[in-house]
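In: what shape does this take:
(one chain, ligands or ions: 1)
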Amino acid sequence: MIIAANFKMNLTPRKIHEYLHVLEQKQEYSSYAHINIILFPNMASLMSDEVLRGCALSSLTLGAQNAYPAFNGAFTGEIGAEILEELNISTLMIGHSERREIFNETQEFCQKKFDFYKKLNFKILYCIGEPLHIRKNGQHELKNYLNMQLCNIDVSYNNLIIAYEPIWAIGSGISAEAHVIEETHQLIKEILQNNNASNIPLLYGGSVKTDNVREILMLDGVDGVLVGSASLSPYEFSAILQVAVELQKI
Ligand code: 13P
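Out: This is a model prediction of the structure:
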């Protein structure tokens, strides 16, 4: 099971250091042994020795929320592979709806990033998800949309995780209903199978919190969750991890 936290542009390096301390005190890390926990903090925190040390101690994987598809070069404001390699970061999120929508990242650009970091054998958390108007137009259009977001992405890549995050559920406080998550995950798994990819972990994201995570994690086809707002509190995130631990025991 994979439990991932996307801090987005929140929490400073100092706050994340304190956060890790709380997480460590809340839980025996040995009980997380079968859960793959990935934190995606901001870039400054990836450069903090204290954060790196805290995560290493607790066997948490750190990932980057974004990176440019080049080793280094004249790309003002960006982070590239050389920097990530020096920081020992080999996990990268690509295709988050906020990057696609706010920063106008096209499917072609997501594909370029994917191909570049795949060659470097990065673990890639690739995000897909539709806006509300597409969902309202029915199953056919939804399938086309999700297919398009996976277009030219090598889904047989063995270091790939996919996160389904319906845009209308992100940050709304209300997650997609259980049957919607289950049906859509089924649809995505069919798309993956048609592209000769099975066993790709598929996470759900969009207003996951303590009071709905148990139901979501128990759904067919859900291999984990990608948590935004609720991951910002170490108390809430450790409660989410606790649910994952309990479900692993069933
Ligand atoms: P929320 O959990 O705040 O809805 O955010 C989800 C998300 O975008 C994670 O990547």
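In: please make it C-alpha for all contacts and neighbour counts, starting now.
Out: Will do.
In: packing partners of the lowest-mean-pLDDT helix or strand in the chain?
Out: Least confident helix or strand of the chain, by mean pLDDT, DSSP states H and E, is helix 49-57 with a mean of 78. Applying 3 or more C-alpha pairs under 8 Å, 6 or more residues apart in numbering; DSSP states H and E, one finds that helix 49-57 makes contact with helix 13-26.
In: can you check what angle separates the following helix or strand past the helix it packs on from helix 49-57?
Out: Counting by DSSP states H and E, the next helix or strand C-terminal to helix 13-26 is strand 36-40. Angle of strand 36-40 versus helix 49-57, following axes from the mean of the first three to the mean of the last three C-alpha atoms, to 10 degrees, is 170 degrees.
In: average pLDDT for strand 36-40, rounded please.
Out: Averaging pLDDT along strand 36-40 yields 95.
In: buried stuff in that strand?
Out: Of the residues in strand 36-40, 37, 38, 39, 40 count as buried by neighbour count, 16 or more other C-alpha atoms under 10 Å.
In: contacts for it next, please.
Out: Contact partners of strand 36-40, identified using C-alpha atoms under 8 Å, 6 or more residues apart in numbering, comprise 1-8, 60-65.
In: could you do stretch 70-77 as well?
Out: Stretch 70-77 is contacted from outside by 79, 80, 81, 82, 83, 116, using C-alpha under 8 Å, 6+ apart.
In: out of the residues you listed, list just those in helices.
Out: 81, 82, 83, 116 (DSSP state H).
In: near the ligand, list only the ones from those residues.
Out: Here nothing survives when the ones in helices among the contacts of stretch 70-77 are matched to the ligand using C-alpha under 6 Å from any ligand atom.
In: so which of the residues you listed wins on neighbours?
Out: Tallying neighbours with other C-alpha atoms under 10 Å puts residue 81 at the head of those, with 20 neighbours.
In: that residue contacts residue 66, correct?
Out: No: the pair residue 81 / residue 66 is not scored as a contact, 10.7 Å apart, by C-alpha atoms under 8 Å.
In: what residues are shared contacts of the two?
Out: With C-alpha under 8 Å, 6+ apart as the test, residue 81 and residue 66 reach no residue in common.
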